[in-house]
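Undergrad: Predicted model follows, preceded by the sequence.
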Amino acid sequence: MTRTNDNAWLRRFAIITAASTLILICIGGVVTSKGVGMAVPDWPTTYGYNMFFFPFSKWVGGIFYEHTHRLVASGVGLLTTVLALWLFGRKARPLLRWLGICLLLGGIGAGLFLRVQDALVLGVVGVLSLCASFVWPSGEPAPPRLRRLGIIAFAAVVLQGVLGGLRVTEMKDEIGIFHATLAQLFLALTCVIALFLTRWWQNLAGQKLESVGKGWRLFFVSSTALVLAQLVLGATMRHQHAGLAVPDFPLAYGRIWPAMDAASVAQYNQHRFEATAHNPITAFQIGVHMAHRIVALAILITVGGAAWRTTWRLGMKNPLTRLSLAWFCLILVQAVLGAMTVLTNKAADIATAHVAVGALALVTGSFLSVISFRLSVPVGASSPAAHESAAMFSTPFATGGRVQ
Amino acid sequence: MKTHLLPLTALGLASCLQLSSAADITGKVVLKGTPKPEITIDMSSDPKCGALHSGPVTTRHYVAGPGGGLANVFVYIKSGAKPSASPPSDVPLLLDQVGCEYMPYVAGVQVNQKFKIKNSDPTLHNIHPLPTVNKEFNIAQAVKDQVNEKVFDKPEVMVKFKCDVHPWMFAYVGVLDHSYFAVTDKEGNYKISGLPNGKYTIEAYHVKTHGANPGVSQEITVDGDKKVDFTIELK
């Protein structure tokens, strides 16, 4: 029996996937804030156990955070896989069936040559996949571009898992920076997929809104890129594992710009007392920290400008205006959290909140970017380019049929 | 009998000469200035660690005795000493994890000298040194009394060891291609034995004070036992 085009459950599932990704980023933030990213030296096992069978009694110290991070990451990987399959509708069933068979065979092989733990995990997932493939997914596939986004999300979450593992096995801080950055981009992607599945997005085409010029698209994309650059700077700072490079705010070592010569840096390290095994501060780290503050100021001005300009030019009814105002509020909160991170000597909860709000700032910028693209198609336009653009940003669910 | 006496005497004389040309360098390292108070360590993230201590545990950044003698200073011959022609000592250094702390806090080994890392605690640890020249590793010690043996093959002053499960745990090991090094005791005293006569640079390096910068050095000429004191100043 073919299901109707009511995809409310798919919508909800996409939102759950995005929300779970945000939670995962928070947990990952705690791992880095507490400096316990290497507390589990092996991967994909955990102290030699299959990660799903690691005894709870051994979840001590840093292991608790790192192991929780891995488990939640596995959950997000599963949710993303399900979402990607669901977007393909009934077409995904043969793929799911083959996946189930391969996992079952893998489980049998693991039982013969590896361990019972591994065989159980693979076997259970295989059986569930196989059984599900006879009844799910049902319904029409999403538009091709949305399905592609699902595939990209799946590839990204697999890559993210591998990067996380390599960061541990190769002991490279640089991989940690990529891992952190990709996490933010992945969150933005899952949120955009969820956005495209909402009724609000589907109804956007029917609203009589003034189209916006290409300048707005460029503005929002550039601003979002600036936020991404700031997140990369932040990830670079955090993965130096040197704690706070500058311990005071708004000044830096009592000055507007701190001394960064070797003697001054040596003095900073002499007088810095930490209870954890932080690396010594270097001039490079101080430089990155100051760059982070400067870019924060630039973002505050840019996003503030966006909020003002959209209010003045587009009016309060335009979604770009309301979202720009929300973006500005978010950036204000982020600025306060940034200051508090310094003033609380990088308290783990404050630093993690700073990471989470940074992620939400990127998501909001991404939303503004895609909405500005959608609204740059004039209402009632009849050119082929206009139809192509409209198709990119619409779903079949509102129209009740497939979109090619 | 007479034919054996001559070579034996010569051998004895040569040994005496060898011993008399090897000197002991002793001295004291004193801290000048008042450091910040040590920080109390919160071990609540692993109850088994807290249970191993009856009182508060603090960091060990500046361990100074009543007379100002500074402990945990790595004193070593920085230049002038030839790399050891003989193999490194058979007696391995033992880096132990006791009460969720590394013991000792500062130590020294020779290049290619084996050192043992032991878990004497009833909880998990991981051993994660962060060398810049030698090869990094990260190994799990999940069981009490587990011992792993490792070697560093390049000189490096100092290699930081940490435990990622218990972020407050860290220690430092200096790796040298000779055996002329020591670590100051609680009173700030040290002794380097068996240094041949000659000209050397001797350095006192304190991790917290000097960090990435060189320690305090002195040029010395060794022609017998010598006393070399150092003052480490907080700025």
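TA: Cool, got the structure.

Undergrad: Can you name the residues that contact residue A:330?
TA: A:357, A:360, A:361, A:364 (CB atoms under 8 Å, 6 or more residues apart in numbering or on different chains). C-beta here means a position set from N, CA and C on the backbone, and glycine is covered the same way.

Undergrad: so what's it closest to, chain neighbours aside?
TA: Ranked by CB to CB, 6 or more residues apart in numbering or on different chains and with sequence neighbours excluded, the top spatial neighbour of residue A:330 is residue A:361, at 5.2 Å.

Undergrad: Neighbours of residue 162, how many?
TA: As the question left the chain open, I've gone with chain A. If you count neighbours by other CB atoms under 10 Å in any protein chain shown, residue A:162 ends up with 14.

Undergrad: Actually, chain B is the one I wanted.
TA: Around residue B:162 there are 25 residues (other CB under 10 Å).

Undergrad: and if you look at residue B:160?
TA: Around residue B:160 there are 17 residues (other CB under 10 Å).

Undergrad: Chain A versus that one, what's the distance?
TA: Distance, residue B:160 to chain A, by CB to the nearest CB, to the nearest Å: 7 Å.

Undergrad: Convert the C-alpha atoms of stretch A:171-179 to CSV, please.
TA: Once non-C-alpha atoms are left out, stretch A:171-179 reads as follows in CSV (Å, rounded to 0.1, in the frame of the first residue of the first chain):
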residue,chain,number,x,y,z
MET,A,171,47.4,11.5,17.8
LYS,A,172,47.2,14.5,15.5
ASP,A,173,45.7,17.8,16.9
GLU,A,174,45.3,19.0,13.3
ILE,A,175,42.8,16.2,12.6
GLY,A,176,40.9,17.4,15.7
ILE,A,177,40.5,20.9,14.1
PHE,A,178,39.1,19.4,10.9
HIS,A,179,36.8,17.1,13.0
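
Undergrad: if we look at the helix or strand hosting residue A:227, which residues are touching it?
TA: Of the helices and strands defined by DSSP states H and E, residue A:227 is found in helix A:214-238. Applying CB under 8 Å, 6+ apart, the external contacts of helix A:214-238 come out as A:32-33, A:176-177, A:180-181, A:184-185, A:245, A:285, A:288-289, A:291-292, A:295-296, A:298-299, A:302-303, A:306, A:320, A:351, A:354-355, A:358-359, A:361-362, A:365-366, A:368-369, A:372-373, A:375-376.

Undergrad: before we move on, what SS does the residue nearest to the spatial centre of chain A have?
TA: Centroid-nearest residue in chain A: residue A:187, 2.4 Å away (criterion: CA atoms, centre = their mean). With DSSP: H, G, I helix; E, B strand; the rest coil as the basis, residue A:187 sits in helix.

Undergrad: Write out the residues of chain A neighbouring chain B.
TA: A:34-42, A:47-48, A:58, A:60-64, A:66, A:168, A:171, A:262, A:265-267, A:269-271, A:273-277, A:279-280, A:282 (CB under 8 Å from any CB of the partner chain).

Undergrad: Mark which of those are buried, thanks.
TA: A:34-42, A:47, A:58, A:60-64, A:66, A:168, A:171, A:265-267, A:269-270, A:274-277, A:279-280, A:282 (16 or more other CB atoms under 10 Å in any protein chain shown).

Undergrad: Which of those fall within helices?
TA: Among these, DSSP state H puts A:61, A:62, A:63, A:64, A:66, A:168, A:265, A:266, A:267, A:269, A:270 in helices.

Undergrad: Let's have these in CSV, adding distance to residue A:334 and pLDDT.
TA: Listed next are these as CSV, based on distance: CB to CB, whole Å; pLDDT from 0 to 100:
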residue, distance to residue A:334, pLDDT
A:61, 30, 93
A:62, 27, 94
A:63, 31, 96
A:64, 28, 96
A:66, 26, 97
A:168, 29, 95
A:265, 28, 92
A:266, 33, 87
A:267, 31, 88
A:269, 29, 88
A:270, 32, 84
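
Undergrad: picking up where we left off before, please indicate which of the contacts of helix A:214-238 are buried?
TA: A:32-33, A:176-177, A:180-181, A:184-185, A:245, A:285, A:288-289, A:292, A:295-296, A:299, A:302-303, A:306, A:320, A:351, A:354-355, A:358-359, A:361-362, A:365-366, A:368-369, A:372-373, A:375-376.

Undergrad: Hmm, residue B:63 is touching residue B:72, no?
TA: Yes - using CB atoms under 8 Å, residue B:63 is in contact with residue B:72, at 5.8 Å.

Undergrad: Give me the common contacts of the two.
TA: residue B:105.

Undergrad: who has more neighbours, these two?
TA: residue B:72 (24 against 21).

Undergrad: Let me see the contact set for that one.
TA: Counting by CB under 8 Å, 6+ apart, residue B:72 makes contact with B:60, B:63, B:104, B:105, B:106, B:183, B:184, B:206, B:207.

Undergrad: pretty sure residue B:110 contacts residue B:176?
TA: Yes - judged on CB under 8 Å, residue B:110 makes contact with residue B:176 at a distance of 6.0 Å.

Undergrad: who's in contact with the residue nearest to residue B:114 when sequence neighbours are not counted?
TA: In this structure, residue B:114 finds its nearest non-sequential neighbour in residue B:92, 4.3 Å apart by CB to CB, 6+ apart. Contacts for residue B:92 (CB under 8 Å, 6+ apart) come out as B:113, B:114, B:115, B:116, B:149.

Undergrad: Distance of residue B:92 relative to chain A?
TA: Distance from residue B:92 to chain A, by CB to the nearest CB: 22 Å.

Undergrad: residue contacts, the residue nearest to the centre of chain A?
TA: A:18, A:21, A:22, A:25, A:359, A:362, A:363.

Undergrad: Top of the residues you listed by number of neighbours, please.
TA: Most surrounded of these: other CB under 10 Å gives residue A:21, at 28 neighbours.

Undergrad: Surely that one is in contact with residue A:184?
TA: No - the pair residue A:21 / residue A:184 is not scored as a contact, 9.8 Å apart, by CB under 8 Å.

Undergrad: Would you agree residue A:300 is in contact with residue A:327?
TA: No - applying CB under 8 Å, one finds residue A:300 not in contact with residue A:327, separated by 11.0 Å.

Undergrad: Appreciated, that's everything.
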